[in-house]
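> here's a sequence, model it:
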Amino acid sequence: MEKWFNKAATWVAHVSGRPVTFIACLFLVLIWAISGPFFGFSETWQLVINTTTTIITFLMVFLIQNTQNRDGAAIQAKLDEILRTSDALNSFIGIEHLTEEEVCRFRDQCETAAKKADADNKCAA
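Residues are numbered from 1 along each chain as shown. Take a look at the predicted model:
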């Protein structure tokens, strides 16, 4: 079930981001707008677009979030592998699971090290 959902979520996220999908949705909205006079701009006519867009938006939030979560986890795994196999500090592996304050400390550590490296490079030159 999860594998099917992941495939479906990835496909929907991919298709929804294409220009042709935007044009198709724009076309549907134009048809809806043009049909207004034929339905007397009734409440039912308005309810059709409101309900449709609300349902689509509600479902898309979950599908796109699922895709972004998996993409983020994959990127983290790749970065962790680069850290693990390089001369970098292994203590950075898995920091995405820390609190914001703990991540800020790691970021400060990196900025301090970068400034020190820049200063050392200027002195050596």
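> ends of stretch 12-21, how far apart?
11 Å (Cα to Cα, to the nearest Å).
> list of residues touching it?
Contacts with stretch 12-21, where a contact means Cβ atoms under 8 Å, 6 or more residues apart in numbering, come from Met60, Leu63, Ile64, Thr67. Quick note: C-beta positions are derived from backbone N, CA and C, even for glycine.
> pull out the buried positions in it.
Going by neighbour count (16 or more other Cβ atoms under 10 Å), the buried part of stretch 12-21 is Val12, Ala13.
> distance check, the residue most central in space within the chain against Thr57.
Nearest to the mean C-alpha position of the chain, counting by Cα atoms, centre = their mean, stands Gln68 at 4.2 Å. Going from Gln68 to Thr57 by Cβ to Cβ, to the nearest Å gives 16 Å.
> just the element for the residue nearest to the centre of the chain, please.
Using DSSP states H and E, Gln68 sits within helix 43-85.
> list the helices and strands the helix or strand just after that helix packs on?
For helix 43-85, the following helix or strand on the C-terminal side (DSSP H and E) is helix 100-124. For helix 100-124, there is no helix or strand it packs on, judged by 3 or more Cβ pairs under 8 Å, 6 or more residues apart in numbering; DSSP states H and E.
> now do the contacts for Gln76.
Contacts for Gln76 were tallied using Cβ under 8 Å, 6+ apart; they are Glu96.
> which of the contacts of stretch 12-21 count as buried?
Buried members of the contacts of stretch 12-21, counted by 16+ other Cβ under 10 Å: Leu63, Thr67.
> could I get the contacting residues of the residue nearest to the centre of the chain?
With Cβ under 8 Å, 6+ apart, Gln68 has no contacts at all.
> against Phe62, how distant is it?
11 Å.
> now do Phe38
For Phe38 relative to Phe62 (Cβ to Cβ), the value is 35 Å.
> pop the domain breakdown of this structure in here.
2-90, 94-125 (automatic domain parsing).
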